[in-house]
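heads up, no residue letters with this:
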């Protein structure tokens, strides 16, 4: 098998490479979100409410958000309280639903980040994206299993 210079010097995917990519992308998102007056955690929570197919109780949202952020439920409840105080979420009986302002904020942030995402992801061959997607899904599955074992 012949090794070319580009494959010989290509970085190996590992936890550090994954972390660097995550924090680089998150830094871009946090910069955009700061202009809208919300944090990354608030964005994740608000997006969970906006994308839910049915009204969510606070417990439902905590479970959904915890699945993404692996954060302490009490901290997530605090984030939901912050979104209620900002009137981006509203209480509707036993449920929390996104306010119009919350939906607008998610749409505006998405519109601002779309061209950035296009520049970041653009030009990467489809087969590379598919391979990366498979690897990331497997790493996520395995890491979730390890976390479950550690917290059982």
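Good, I have the coordinates. Owing to the predicted nature of the structure, the values given are computational and were not obtained by experimental measurement.

quickly note the distance from the residue nearest in space to the middle of the chain to residue 59.
Central residue of the chain (CA atoms, centre = their mean): residue 44, 5.9 Å from the mean position. According to CB to CB, to the nearest Å, residue 44 stands 17 Å off from residue 59. Where you see a C-beta, it was placed from the backbone N, CA and C, and this is true even at glycine.

and the helices in the chain?
Using DSSP state H, the helices of the chain run over residues 5-8, 15-35, 40-51, 58-69, 73-85, 100-121, 126-151.

ok, and which of those has the densest surroundings?
The highest mean neighbour count among those, using mean count of other CB atoms under 10 Å, belongs to helix 40-51: a mean of 20.

show me what that one is packed against.
helix 15-35, helix 58-69, helix 73-85, strand 95-98, helix 100-121 (3 or more CB pairs under 8 Å, 6 or more residues apart in numbering; DSSP states H and E).

what's the closest of the helices of the chain to residue 94?
helix 58-69 (8.4 Å; CB to CB).

what's the angle from that closest one to helix 126-151?
120 degrees (axes from the mean of the first three to the mean of the last three CA atoms, to 10 degrees).
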